[in-house]
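In: Pasting a predicted model and its sequence here:
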Amino acid sequence: MAHTASIAIIGTGFAGLGMAVRLKRAGFHNLTLFEKADDVGGCWRDNTYPGAACDVPSHLYSYSFAQNTEWSRRFAPQAEIHQYLRDTASKFGVTPHIRFNAHVTTAEFDEESATWAITLEDGSVHVADILIAATGLLNRPLIPGIPGLDTFQGEQFHSATWNHDYDLTGKSVAVVGTGASAIQFVPAIAPHVAQLKLFQKDAAHVIPKPDHAYAPIARTAFRRIPGLQRLSRWLTYWQLEPRGAAFTRFPQLLKLADRQFRRNISRQVTNDALRTKLTPEDPIGCKRILLSNEYYGALNRANVDVVTSAITEVTPTGVKTSDGRLHEVDAIIYGTGFKATEVLGPIHVTGRNGQVLHKAWRDGAEAHLGVSVAGFPNLFILYGPNTGLGHSSVVLMLEAQMNYVLQAVRRLAKGDIAWLEVWSAVQAGSNAALQQRIRTSVWAQECDSWYKTTSGKNTIQWPGFTFEYAARTRRLDESDFHLEPVGTRGLPPRRNNERETQRIPNSADRRNRWPR
């Protein structure tokens, strides 16, 4: 397997496009990217709801190798991020490698040929030596299983599938959910609707968003002064990175965020009853802390009502709650998030010896360093299990993963091995250490969040700093993997069980001792 090795990438968001750029720059041009839609962009293509914007500063929420000096604001709006990804795909020559409207349904590893057979929705099959999954976590909208949803006679849609053809002006609208999307689109639509009913299951901690437009002179300076934007990027990085300690090691630091929240809500919400409704019972940080300068102000409006009674059913004319009230509305908008813990769903992935990925993950998704899964050779996952963040830019995590995967691809390109597969003991050891650290983090407190599976396992968050993750992925340690020699395909990996028992746990213990 040389630089002519065929590589398949599923997804064209930040992860897929960035990986393709890194591979092309390293000399790997036999690439095919499969995109289920007709455009690149991932969640930034899909989420076009009013007010959609990033909650990470623009200069950090971008590739290190493709800095953009034309961001209009400190926190870029959706349309600009989407265009940035389009421009990146074009600038680095990735677009010709993309197959649009190509929805992957299955991926199956063949041991005899050491290849992946990737089946599309139209029945066609693509064969590749290496498979890189870059589908992300926020790509499958979650619609709650409320009885009667299919009986509603008005308009209803999820925030990620916004119906721009439906005019909300003068309508009575129900919004279900109060997460990161809802706090952006509620202020945007509240002035235009006749009435807005916001159905809140749990209140969120919302703190001010330090956003501002970049003046033309500032953008000119970023463009013309060498290193200025990179300086801004790293100043932003070191402003955000210490916050990671608050979630994982020093939860008392979250008192600062709690004071921000209380000052924010007390200034913007003067009605005592409403302020009580909007004050979370959960400890700050166990769920995502949200940023907005408009959310609380929008809820003060006379045409907005925050409903905290649980929804029991949807009727043909509205939403019924546990207090027996029927809230008649013209439209229902679901700001209920995504099926984030169902990594790679609904793609059916089969590995060595017929192992099915979803069955291997029946107790919650896990991968060594969030990238490699035992039993699935030459498969690499970007933005995989436990590589999400609550304090900084996930693009930093993605670039660390791209570096790690590129090393694996280069190792395979030497041609002496058919595949590499992480040892199951290494994966188990690294994830045991990771989950142990999560158990002492703020996310382990008693609260429901989208970070957790139904069983309570946190499969989303990385319990540490981004520089820590970058250090752990800087070098591909071949002793973490079984390397299948060329010429032995079709046989299970030959292992000396006694040696594996002795070597792997010691190796895993050494590499997975968390810094204290």
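Out: Ah, there it is.
In: gap between stretch 152-168 and the chain center?
Out: Relative to the centre of its chain, stretch 152-168 is centred 24 Å away, using Cα atoms, centre = their mean, to the nearest Å.
In: For it, which outside residues touch it?
Out: The contact list for stretch 152-168 (Cβ atoms under 8 Å, 6 or more residues apart in numbering) reads 43, 46-50, 141-143, 149, 181-182, 185, 189, 192-193, 314-318, 329-336, 338. Quick note: C-beta positions are derived from backbone N, CA and C, even for glycine.
In: Which of those are buried, as a ChimeraX select command?
Out: The ChimeraX selection below is limited to those of the contacts of stretch 152-168 classed as buried (16 or more other Cβ atoms under 10 Å):
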select :43,46,47,49,50,141,142,181,182,185,189,193,314,315,318,329,330,331,332,333,334,335,336,338
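In: residues near the closest residue to residue 364 other than its chain neighbours, how many?
Out: In this structure, residue 364 finds its nearest non-sequential neighbour in residue 457, 3.8 Å apart by Cβ to Cβ, 6 or more residues apart in numbering. Around residue 457 there are 18 other residues, counting by other Cβ atoms under 10 Å.
In: Same question for residue 53.
Out: Applying other Cβ under 10 Å, I find that residue 53 has 19 neighbouring residues.
In: mind listing what it touches?
Out: Counting by Cβ under 8 Å, 6+ apart, residue 53 has contacts 73, 75, 76, 77, 78, 184.
In: can you map out the strands along the stretch 301-450 of the chain?
Out: Assigned by DSSP state E, counting those that start in this stretch, the strands in the stretch 301-450 of the chain fall at 304-307, 311-314, 318-321, 326-328, 331-334, 348-350, 379-381, 417-422.
In: Quick one: mean pLDDT for stretch 316-335?
Out: The pLDDT scores in stretch 316-335 average 98.
In: Let me see the contact set for the residue nearest to residue 364.
Out: Residue 457 neighbours (Cβ under 8 Å, 6+ apart): 363, 364, 435.
In: give me phi/psi at the first one?
Out: Geometry field for residue 363 lists phi and psi as phi -100, psi 10, criterion degrees, to the nearest 10.
In: That one - how many residues pack around it?
Out: Residue 363: 10 neighbours (other Cβ under 10 Å).
In: which residues touch it?
Out: 455, 457.
In: could you measure it against residue 85, distance?
Out: According to Cβ to Cβ, to the nearest Å, residue 363 stands 34 Å off from residue 85.
In: try the second one
Out: Using Cβ to Cβ, we find residue 364 at a distance of 30 Å from residue 85.
In: neighbour count winner among the two?
Out: With neighbours defined as other Cβ under 10 Å, residue 364 and residue 85 compare such that residue 85 has more, 24 against 19.
In: so how far is residue 287 from residue 71?
Out: 28 Å.
In: That should have said residue 261, apologies.
Out: Residue 261 is 12 Å from residue 287, by Cβ to Cβ.
In: for residue 348, same thing?
Out: 31 Å.
In: and what of residue 280?
Out: For residue 280, the distance to residue 287 - Cβ to Cβ - is 8 Å.
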